[in-house]
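A.B. asks: I'd like to go over a predicted model; first the sequence, then the structure.
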Amino acid sequence: MTQNDEPKRRFASSPCMASGVADGGTAPVVGDDESARDVADWRKDERTRLRAERLAMSVESRKAAAHALADQLHSFLERSCGAMRGRVFSAYWPIKGEPDLRPLMRDLHDAGVTVALPLVEVKQAPLVFRRWTPDTRMVRGDWNIPVPPPEAEVLTPEVTLAPLVGWDRDGYRLGYGGGYFDRTLAALTPRPFAIGIGLQAAEIATIHPQTHDIRLDAILAEEGVQVVRRAAI
């Protein structure tokens, strides 16, 4: 049976359960310099392809996907994380065609959730999370992304979103290539519950994981929960 013949899987496991390599092969050998370069080149090409496909979506399709994702995420948080009031939840400011969940950020804030946004304060260092409210005066941060100002409170998230360029069913994330999110998850103690947010069409067979890649705890797309690896905290 080929990969295309396999039945489509919508759920990796129950939201309360803790927990394919392309063409049936194996990932490149970790530690092999040539293989690592091959993986880096392949990921660069995949990022280019997936971002182009995302940007080619119509405005209406992108809005519909974002709305569906917001509904999926809201239900998942209620089901898996329980009462979020008073907890620190890190979202993201959408760029480059990413699903826009800012209306959900406002809804969570109004429900008593403490919302934060990640930003780069120091190059090649873990991300910092600053508090956000609908009244926050945003400033331009790294890559010209709007971020809360320096005087905003610095927080440690209990639940964090990770926007996905691509994703696989082992829970690995293809991001923009800077390594910031993996570096951040490795540094935070306790580690937040990390939820990948991406489009259904961005699923790939494997990202060819390397030693620095950290698996997400869950992945959601507009069609529903795709991966759950551990129970939410």
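C.D. replies: Arrived safely, thanks for sending.
A.B. asks: pLDDT weak spots in this structure?
C.D. replies: For the chain, residues meeting the criterion pLDDT under 70 lie at 1-32.
A.B. asks: how about the strands of this protein, start to end?
C.D. replies: Secondary structure of the chain, counting by DSSP state E: strands at 88-90, 114-119, 128-132, 139-140, 146-147, 154-155, 159-163, 166-167, 173-174, 193-197, 218-221, 224-228.
A.B. asks: pull the contacting residues for the spatially most central residue of the chain.
C.D. replies: Nearest to the mean C-alpha position of the chain, by Cα atoms, centre = their mean, lies residue 162 at 2.1 Å. Residues in contact with residue 162 (Cβ atoms under 8 Å, 6 or more residues apart in numbering) are 92, 173, 175, 181, 194-197, 216. Where C-beta positions appear, they are placed from N, C-alpha and C, glycine not excepted.
A.B. asks: could you redo the last one with a cut-off of 7 Å?
C.D. replies: Residues near residue 162 by Cβ atoms under 7 Å, 6 or more residues apart in numbering: 173, 181, 194-197, 216.
A.B. asks: that one and residue 41, how far apart?
C.D. replies: Note on residue 162: its distance to residue 41, by Cβ to Cβ, to the nearest Å, is 23 Å.
A.B. asks: just residue 166 next, same as before
C.D. replies: Distance of residue 166 to residue 41, given as Cβ to Cβ: 15 Å.
A.B. asks: looking at those two, which one has more neighbours?
C.D. replies: Higher neighbour count among residue 166 and residue 41: residue 166, with 23 against 10, using other Cβ atoms under 10 Å.
A.B. asks: please report phi then psi for residue 82.
C.D. replies: When read as degrees, to the nearest 10, the backbone of residue 82 gives phi 70, psi -150.
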